[in-house]
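A.B. asks: let me see the structure of the following:
(one chain, ligands or ions: 1)
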Amino acid sequence: MGQDLKGLVVAVALVDEAGRVLAARRVSPPALAGLWEFPGGKVEPGEDELTALRRECREELAVEIEVGRLFGEIALPAPGWRMRLWLGRVLQGTPVATAHDALRWLGAQELDDVPWLPADGPLVDALRGELTGASAQAVGNQAGPV
Ligand SMILES: Nc1nc2c([nH]c(=O)n2[C@H]2C[C@H](O)[C@@H](COP(=O)(O)OP(=O)(O)OP(=O)(O)O)O2)c(=O)[nH]1
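C.D. replies: Take a look at the predicted model:
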């Protein structure tokens, strides 16, 4: 399993009660600074994917999350790297940016208001449909506990 997770980034589309998704603005590296992403990061060697996701949310946002279903997977620009995006919601705490310089809750009509990391384009497009009529409760219901 360790081999399978090599080159894996996990991220989460956190959806709130109003059907908005949390976006975070990167500060580094310089080429990515100012661009927006889904909270997450690299799965560490030997680490379970969802453990990594919960860890990243604690580190980057200071929140505990509930993970819902897998939403999609994309190839990243770095050869051999891919990113898996999960749906989720905040279980405990209010997100604060500890590793980013801004956070925004974006509704379906606001997703284009920020410049996303280029690789995220297809996921953002797919989320537009998901968010229409979506709620944090719906996300949780689809998922069941993970
Ligand atoms: N978290 C996240 N990373 C993304 C997204 N889209 C995208 O292309 N990436 C890329 C940017 C980075 O090259 C890579 C994630 O690496 P990272 O630097 O955030 O990982 P990390 O938090 O574990 O940081 P580090 O330990 O490597 O410093 O994935 C996204 O929506 N969310």
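
A.B. asks: check the secondary structure at Asp112 for me.
C.D. replies: Three-state assignment for Asp112 (DSSP: H, G, I helix; E, B strand; the rest coil): helix.

A.B. asks: count the residues that sit near it.
C.D. replies: Asp112: 11 surrounding residues under other Cβ atoms under 10 Å. Backbone N, C-alpha and C define where each C-beta goes, glycine included.

A.B. asks: can you give me the buried ones in the top helix by length along the chain?
C.D. replies: In the chain, with assignment by DSSP state H, the single longest helix is helix 49-61. Neighbour-count burial for helix 49-61 flags 49-50, 52-57, 60-61 (criterion: 16 or more other Cβ atoms under 10 Å).

A.B. asks: got it, and stretch 96-113?
C.D. replies: 100, 103, 106, 108, 111.

A.B. asks: for stretch 72-89, same thing?
C.D. replies: Within stretch 72-89, the residues that qualify as buried are 72, 74, 76, 83-89, counting by 16+ other Cβ under 10 Å.

A.B. asks: mean confidence for the host helix or strand of Val67?
C.D. replies: In this assignment (DSSP states H and E), Val67 forms part of strand 64-75. The average pLDDT within strand 64-75 is 98.

A.B. asks: show me what that strand is packed up against.
C.D. replies: Counting contacts by 3 or more Cβ pairs under 8 Å, 6 or more residues apart in numbering; DSSP states H and E, strand 64-75 packs against strand 8-14, helix 49-61, strand 82-92, helix 121-131, helix 136-143.

A.B. asks: quickly list what the residue of the chain found nearest the ligand is bridged to.
C.D. replies: Using Cβ to the nearest ligand atom, the closest approach of the chain to the ligand is made by Gly41 at 2.6 Å. Bridge pairing for Gly41 (DSSP bridges) gives the partners Val10.
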